[in-house]
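1. my questions concern the predicted model and sequence given below.
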Amino acid sequence: MEARLCGRALEIGGLLYRGAEAEVYEARWFCMPAVVKVRPPKPYRHPRIDELLRTRRTVAEARAMYAALRAGVSVPAVYLVDPLEKIIVMERLEGISLAHLVEADSGRALEAARRLGSMAARLHAAGVAHGDLTTSNVVVVGDEVFLVDFGLASLDADEDDYAVDVHLFMRSLESTHPDHVEDMLKSFLEGYRQVAGGDAVENLMRRVEEIRLMGRYREERRRSVWGQVEQP
Amino acid sequence: MVSVATPSSYGSPPVDPRVLYPRLDWSRELYVLGIESTAHTFGVGVASTRPPYILSSARSVYRPEKGGIHPREAAAHHARVAPEVLRAALDAAGLRIGDIDAVAVALGPGLGPALRVGATVARGLAAYFRKPLVPVNHALAHVEIGRLYTGLVDPLVLYVSGGNTMVTAFAKGRYRVFGETLDVALGNLLDTFAREAGLAPPYVVEGLHVVDRCALEADEPADLPYTVKGMDVSYSGLLTAALRLWRRLGPRERPRVCLGLREVAYSEAVEVAERGAAHTGKPGVLLTGGVAASPVLRERVAAMAEARGLPWGVPPLHLCGDNGAMIAWVGLLNYMAGITVEPGEAVVKQRWRLDSVDVPWR
Ligand SMILES: Nc1ncnc2c1ncn2[C@@H]1O[C@H](COP(=O)(O)OP(=O)(O)O)[C@@H](O)[C@H]1O
Ligand SMILES: [Mg+2]
């Protein structure tokens, strides 16, 4: 209660990070270090679809963060959600993203990956899929690991969604940390196994393989007429 | 029907390739013939280390009377037109086969039967005329012809075609795939919808896809599922939902489905490209592949890039779709870097992934 007497509810500072869909600003929430995550309109989208999507994702993100918390997964505390303005005010983490840590200190990154694996397993057990499980969306603070960026999360997820999470994590290793794919994945799966058990991991990985084959190699995908377009 | 293009139609690169490929030795005057046959197009082009670099591009496109591509019919088409397309490309370049230093061929990814026609022709030419044979990855060729014709040195690439929807960028010796479709490709989505809805064939009328055309008559987009996962897109749910709605609605309301489908599909692709741009921090955006011919998609990519303060570009229309010239161009780069293959070992690779190809000349 003391905190509520301190300063104004929200003071917004400078831009910390310009993500793909959101802008993250430094802020204070009743004097506590916070960030404001804003989803600005996208000029390449139909305005109606854009409005719907930004509202939906803002709400989904806040809901999934609560669900994650209930599942025992560390996420920043949510202070304020405003679907009309498309903003979320949350606790500011003073840490380093896993993406940076992999390149800076691979030993610590492996430990973080193991923790992340356990967090993913807990999330999945609670019916939540993250939807954007990449090394950029994991923040390491000391020896604590936090998950952020739940805008694409789903709360009534199924096996396929869980497998997609793992696929996305693997993809982020392959594309961004090609020298750390095997060891990081191994740690991640180790962490996952500790929570979900060996059988669950085996089933999960079988589904991951199926998903990876489906998009990449399906022959019918080339049975299309694009490329026929000639100058009018 | 064979169409022949030369720099008078697709223009000259806006940059000196030495800027894009400083590691290669550009002192020798070389000519490379490239053969494309991964899907519906049989194309032959000629590239050189000397301006205008892309000397010619000839092609013939297999057009199924109904339905999508039948691989064996495509192969039969390719085999039938090969001699004529080959001659047209050499004639337009003002060269004879003797002037060619190496023969390049797209060995994948693509449809097996179609790929094998190009590989057979290339192997035959290389063996008979004693020319080195150069393997080329089709996706890499789309990217590099895009870099050459936009002058974007290190872009984030959105590669969209009938069979591919991919976000890629160069890092540590290879093009890394940051995202792609989890199921159907963007071009295939639009074509399948058009076909099933009875809007096609023909798929493209006066340079505009029939789905874009039908969308012109709508005021508001129908509400359809929008599925982005990380930097991947998924289009199969969108396709099913759009077709279901199309069948339920009357003729007056149907254009709303076209608009909804088009808006969601393009937006997903541009969104994952934007995610890729933010993630990699690359200083530009390149749109390439067959669907890059869509004026609506170009507009959207431009809007995204401009909002992020990034330059963007797209190759000339002729070089967006499958063509032999882009195979010749990467063939030239590979040849200069010493990448060749013995004709006996030049087997097609239907699933040859872009991120498995070492790119030593970048
Ligand atoms: N609560 C937070 N505290 C500190 N940094 C954060 C916080 N939330 C996000 N960030 C940083 O901002 C970046 C972008 O936020 P994110 O939610 O991932 O948005 P986007 O959807 O644009 O990627 C993250 O990668 C992380 O580095
Ligand atoms: Mg993020």
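-> Nice, I can see it. Ligands and ions are numbered 1, 2, ... in the order given.
2. alpha carbons only for contacts and neighbour counts from here, please
-> Fine.
3. which stretches in chain A count as helices?
-> In chain A, the helices defined using DSSP state H lie at A:47-70, A:98-104, A:106-125, A:159-176, A:181-196, A:198-217.
4. can you add mean neighbour count, distance to ligand 1 and mean pLDDT and give these back as CSV?
-> Putting the helices of chain A into CSV (neighbours: other C-alpha atoms under 10 Å in any protein chain shown; distance: least, C-alpha to the nearest ligand atom, whole Å; pLDDT from 0 to 100) gives the following:
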stretch, mean neighbour count, distance to ligand 1, mean pLDDT
helix A:47-70, 19, 9, 97
helix A:98-104, 18, 9, 96
helix A:106-125, 22, 15, 98
helix A:159-176, 22, 13, 95
helix A:181-196, 20, 19, 98
helix A:198-217, 16, 23, 87
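5. would you map out the domains in the chain?
-> As the question left the chain open, I've gone with chain A. A:10-91, A:96-220 (automatic domain parsing).
6. let's do chain B instead
-> Looking at automatic domain parsing, the domains of chain B come to B:3-145+B:319-356, B:153-310.
7. how about stretch B:225-241: buried residues?
-> Buried residues in stretch B:225-241, counting neighbours by 16 or more other C-alpha atoms under 10 Å in any protein chain shown, are found at B:225-236, B:238-239.
8. so which of the domains of chain B is nearest A:His124?
-> A:His124 lies closest to domain B:153-310 among these, at 15.7 Å (C-alpha to C-alpha).
9. do the closest one and ligand 1 meet at all?
-> No. Judged by C-alpha under 6 Å from any ligand atom, domain B:153-310 makes no contact with ligand 1; its nearest approach is 7.7 Å.
10. how long is that domain end to end?
-> Terminal residues of domain B:153-310 are spaced 13 Å apart (C-alpha to C-alpha, to the nearest Å).
11. that domain - what's its average pLDDT?
-> Here domain B:153-310 scores 96 as its mean pLDDT.
12. contacts only, for B:Val44.
-> Residues in contact with B:Val44 (C-alpha atoms under 8 Å, 6 or more residues apart in numbering or on different chains) are B:33-36, B:57-59, B:85-86, B:89, B:323-325, B:328.
13. and it, bridged to which residues?
-> In this entry, B:Val44 is beta-bridged to B:Ile35, B:Ala58, by DSSP bridges.
14. same check on B:Ile54?
-> Beta bridges link B:Ile54 to B:Ala47 when assigned by DSSP bridges.
15. residue contacts, it?
-> Contacts here follow C-alpha under 8 Å, 6+ apart; on that basis B:Ile54 touches B:6-7, B:12, B:45-48, B:325, B:329.
16. show me the two of the contacts of B:Val44 that sit farthest apart.
-> Using C-alpha to C-alpha, the contacts of B:Val44 span at most 14.2 Å, a distance reached by B:Val85 and B:Ala328.
17. looking at the two, which is more packed in?
-> The neighbour count for B:Val85 versus B:Ala328, taken as other C-alpha atoms under 10 Å in any protein chain shown, is higher for B:Ala328 (37 against 26).
18. grab the nearest non-local neighbour of the closest residue to ligand 1 within chain A.
-> Taking C-alpha to the nearest ligand atom, ligand 1 has its nearest neighbour within chain A at A:Gly19, 3.2 Å off. Among residues not flanking A:Gly19 along the chain, B:Ala278 sits closest, at 5.8 Å (C-alpha to C-alpha, 6 or more residues apart in numbering or on different chains).
19. once you drop chain neighbours, what's closest to residue 164?
-> With no chain named, the answer covers chain A. What sits nearest to A:Val164 in space, not counting adjacent residues and going by C-alpha to C-alpha, 6+ apart, is A:Val208, at 6.7 Å.
20. um, chain B though
-> Spatial nearest neighbour of B:Asn164, chain neighbours left out: B:Ala185 (5.2 Å); criterion: C-alpha to C-alpha, 6+ apart.
21. cool, and B:Leu20?
-> Nearest non-adjacent residue to B:Leu20, counting by C-alpha to C-alpha, 6+ apart: B:Val153, 6.0 Å away.
22. please apply the same query to B:Val314.
-> Spatial nearest neighbour of B:Val314, excluding adjacent residues (C-alpha to C-alpha, 6+ apart): B:Leu287 at 5.0 Å.
23. so for the strand ranked longest in chain A, what gets flagged as buried?
-> In chain A, with assignment by DSSP state E, the single longest strand is strand A:10-18. For strand A:10-18, the neighbour count (16+ other C-alpha under 10 Å) marks A:10-11 as buried.
24. I'd like to know which elements that strand is packed against.
-> strand A:23-29 (3 or more C-alpha pairs under 8 Å, 6 or more residues apart in numbering or on different chains; DSSP states H and E).
25. partner strands of the strand it packs on, with direction?
-> Neighbouring strands of strand A:23-29 in its sheet, by DSSP bridges, are strand A:10-18 (antiparallel), strand A:32-38 (antiparallel).
26. export the ones you listed to a markdown table and tack on mean pLDDT and distance to A:Glu61?
-> Shown next, in a markdown table, are those (pLDDT from 0 to 100; distance: least, C-alpha to C-alpha, whole Å):
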| stretch | mean pLDDT | distance to A:Glu61 |
| --- | --- | --- |
| strand A:10-18 | 93 | 17 |
| strand A:32-38 | 97 | 11 |
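27. ok, which of the ones you listed comes nearest B:Val136?
-> strand A:10-18 (37.1 Å).
28. how far does the closest one sit from its chain's centre?
-> From the chain centre to the centre of strand A:10-18 is a distance of 20 Å (C-alpha atoms, centre = their mean, to the nearest Å).
29. contacts for it, please.
-> Identification of contacts with strand A:10-18 by C-alpha under 8 Å, 6+ apart yields A:23-30, A:36, B:278.
30. ranking by neighbours, what's the top pick from these?
-> Highest neighbour count within those, by other C-alpha under 10 Å: A:Val36, with 28 neighbours.
31. which ones are touching that residue?
-> Contacts of A:Val36 by C-alpha under 8 Å, 6+ apart are A:12, A:23-27, A:87-90.
32. next: B:Val177.
-> So B:Val177 contacts A:171, A:175, B:166-169, B:354-355 (C-alpha under 8 Å, 6+ apart).
33. quick one on the thing from earlier: surely the residue nearest to A:Val164 is in contact with A:Leu168?
-> No. Judged on C-alpha atoms under 8 Å, A:Val208 makes no contact with A:Leu168 at a distance of 9.8 Å.
34. ok, back up a step: tell me the one of the buried residues of stretch B:225-241 nearest chain A?
-> Nearest to chain A among the buried residues of stretch B:225-241: B:Gly230, at 4.1 Å, using C-alpha to the nearest C-alpha.
35. count of neighbours near the closest residue to the closest one other than its chain neighbours?
-> Closest residue to B:Gly230 apart from its sequence neighbours, by C-alpha to C-alpha, 6+ apart: A:Asp132 at 4.1 Å. If you count neighbours by other C-alpha under 10 Å, A:Asp132 ends up with 26.
36. of all the contacts of strand A:10-18, which two lie farthest apart?
-> So, the contacts of strand A:10-18 by C-alpha to C-alpha: farthest apart are A:Phe30 and B:Ala278, at 31.0 Å.
37. got the residues of the stretch 251-362 of chain B near chain A?
-> B:263-264, B:267, B:270-271, B:274-279, B:289-291, B:293, B:299-301, B:303-304, B:307, B:317-318, B:320-322, B:351 (C-alpha under 8 Å from any C-alpha of the partner chain).
38. B:Ala194 and B:Asp212 touch, don't they?
-> No. The criterion here is C-alpha under 8 Å, and B:Ala194 misses it with B:Asp212 at 10.1 Å.
39. who wins for proximity to B:Phe129 among the helices of chain A?
-> Of all the helices of chain A, it is helix A:198-217 that lies closest to B:Phe129, at 34.8 Å by C-alpha to C-alpha.
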